[in-house]
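Asker: Show me the folded form of this:
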Amino acid sequence: MRERLFFLISKYNLKANSDLGQNFLIVPDIIERNIERAELRERDHVLEIGPGLGVLTDALSKRAGKVYAIEKDRRLVEVLKKEYDWPNVEIIEGDALKVEFPEFNKIVSNLPYQISSPITFRFLKHEFERAVLIYQLEFAQRMVAKPGDKNYSRLSLMIRAKAHAELVEKIGRGAFWPKPKVDSAVVVLEPKPVDERIELSEDLVRALFQHRRSTALAALKKSHHMLGLSRGEFKKVRDVFLRIPHAGERVFQLSPEDVKEIEEFLRSEGILK
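Answerer: Below you'll find the predicted structure:
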């Protein structure tokens, strides 16, 4: 696999595009483990973001019924079409944050790190069974952090509200070419059953986590403008904020259920629309 990848790089005189976050995975064992983690079957339709030179795509095509690979770099799209003859792979040229997703039930990807956050939230707006994804290690640690952890953030809370996330493997920088400046990690993501998911006001979550070490009350006082309240409007409802649930708890200690209680209280008082 490693030899094949460097052969293609040499044949097409390719240079990794750092603006697109291109770091090609060159360790076949990691790819094989991620294929196993995805629990692929012939009925599966797999979405891959950033297939690069097709190393993972090739492995996916042998185990899944259909693979949709979204690639933004036109040079790589041309290489993939010339070098491979997959009967069950569809290459989609475009920006994964903008193109319409096909129907899929699993995701397996070595993600471009600069789109980790928006692409993850985009995934969570779709129904799927399981995703096996490679992220920057620090981002992965924030994804799986629990309330009260030092890494617990807006990302942690929003993921926790809708999915189960587990960091299953750390990956050193030497597993990629070119070698990135940071370590990476594999995360397995599974959406929660629909009746267990918690929909949260994104404005409220942003307002709270703008001051994650403050108490919930102090954070909302400082970020009331993020709830659409002018200074004058906030003065009129200041006393209402004194009664919010979990007022004295630090923001980084709040669970999705806690934030939902705050949201429902503010809606009942007419502060959140």
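
Asker: so where's the chain uncertain?
Answerer: Counting by pLDDT under 70, the chain contains low-confidence residues at 19-21.

Asker: Swap in 50 and give it another go.
Answerer: Segments of the chain classed as low confidence (criterion: pLDDT under 50) are not present in this model.

Asker: residues in contact with stretch 133-151?
Answerer: Outside stretch 133-151, the residues that touch it by C-beta atoms under 8 Å, 6 or more residues apart in numbering are 25, 34, 107-111, 113, 116-117, 120, 152-153, 155-157, 159-160, 165-167, 170-171, 180, 182-189, 252-255, 258. From N, CA and C alone the C-beta is placed, and that goes for glycine too.

Asker: OK, contacts around the closest residue to Leu25 other than its chain neighbours?
Answerer: With C-beta to C-beta, 6 or more residues apart in numbering as the measure, Asn110 is the residue that lies nearest to Leu25, at 5.1 Å, once sequence neighbours are left out. Counting by C-beta under 8 Å, 6+ apart, Asn110 touches 23, 25, 50, 52, 56, 134.

Asker: just the buried members of the contacts of stretch 133-151?
Answerer: Neighbour counting over those (16 or more other C-beta atoms under 10 Å) leaves 25, 34, 107-111, 113, 116-117, 120, 152-153, 155-157, 159-160, 165, 167, 171, 180, 184-189, 252-255, 258 as the buried ones.

Asker: if we can go back for a sec, grab the two from the contacts of Asn110 that are most spread out in space.
Answerer: Asn23 and Leu56 (12.7 Å; C-beta to C-beta).

Asker: Tell me the span between the first and last residue of stretch 220-237.
Answerer: Criterion C-alpha to C-alpha, to the nearest Å; first-to-last residue distance in stretch 220-237 is 12 Å.

Asker: Stretch 221-239 now?
Answerer: 11 Å.

Asker: Same question for stretch 57-74.
Answerer: Taking C-alpha to C-alpha, the first and last residues of stretch 57-74 lie 17 Å apart.

Asker: quick one on the thing from earlier: show only the entries of the contacts of Asn110 found in strands.
Answerer: Restricting those to those inside strands, with DSSP state E as the criterion, leaves 25, 134.

Asker: Kindly indicate which of the contacts of Asn110 lies nearest Leu217.
Answerer: Minimum separation from Leu217 among the contacts of Asn110 (C-beta to C-beta) is found for Ile134, which lies at 39.1 Å.

Asker: nearest spatial neighbour of that closest one, skipping sequence neighbours?
Answerer: On the basis of C-beta to C-beta, 6+ apart, the spatially nearest residue to Ile134 that is not a chain neighbour turns out to be Asn110, at 4.4 Å.

Asker: Can you tell me how far that neighbour is from Ser61?
Answerer: Distance, Asn110 to Ser61, by C-beta to C-beta, to the nearest Å: 16 Å.

Asker: Likewise for Leu208?
Answerer: 44 Å.

Asker: Of the two, which one has the most company?
Answerer: The residue with more neighbours, out of Leu208 and Ser61, is Leu208; 27 against 20, by other C-beta atoms under 10 Å.

Asker: Spatially central, which residue of the chain would that be?
Answerer: If you average the C-alpha coordinates of the chain and look for the closest C-alpha using C-alpha atoms, centre = their mean, you land on Thr120, 2.5 Å from that point.

Asker: Could you report the distance from the residue nearest to Ile134 to Leu272?
Answerer: Asn110 is 39 Å from Leu272, where distance means C-beta to C-beta.

Asker: So what touches stretch 4-13?
Answerer: Taking contacts as C-beta under 8 Å, 6+ apart, the residues outside stretch 4-13 that touch it are 14, 24, 26, 53, 55, 75, 79, 83, 177.

Asker: which residues touch the residue nearest to Arg63 when sequence neighbours are not counted?
Answerer: Closest residue to Arg63 apart from its sequence neighbours, by C-beta to C-beta, 6+ apart: Leu40 at 4.1 Å. Residues in contact with Leu40, defined by C-beta under 8 Å, 6+ apart, are 46, 60, 63-64, 106, 108.

Asker: got the residue ranges for the helices in the stretch 1-150 of the chain?
Answerer: When secondary structure is read from DSSP state H, counting those that start in this stretch, the stretch 1-150 of the chain shows helices at 2-11, 28-38, 55-61, 74-83, 116-123, 137-144.

Asker: right, and those helices - which one's nearest Glu202?
Answerer: helix 116-123 (9.5 Å).
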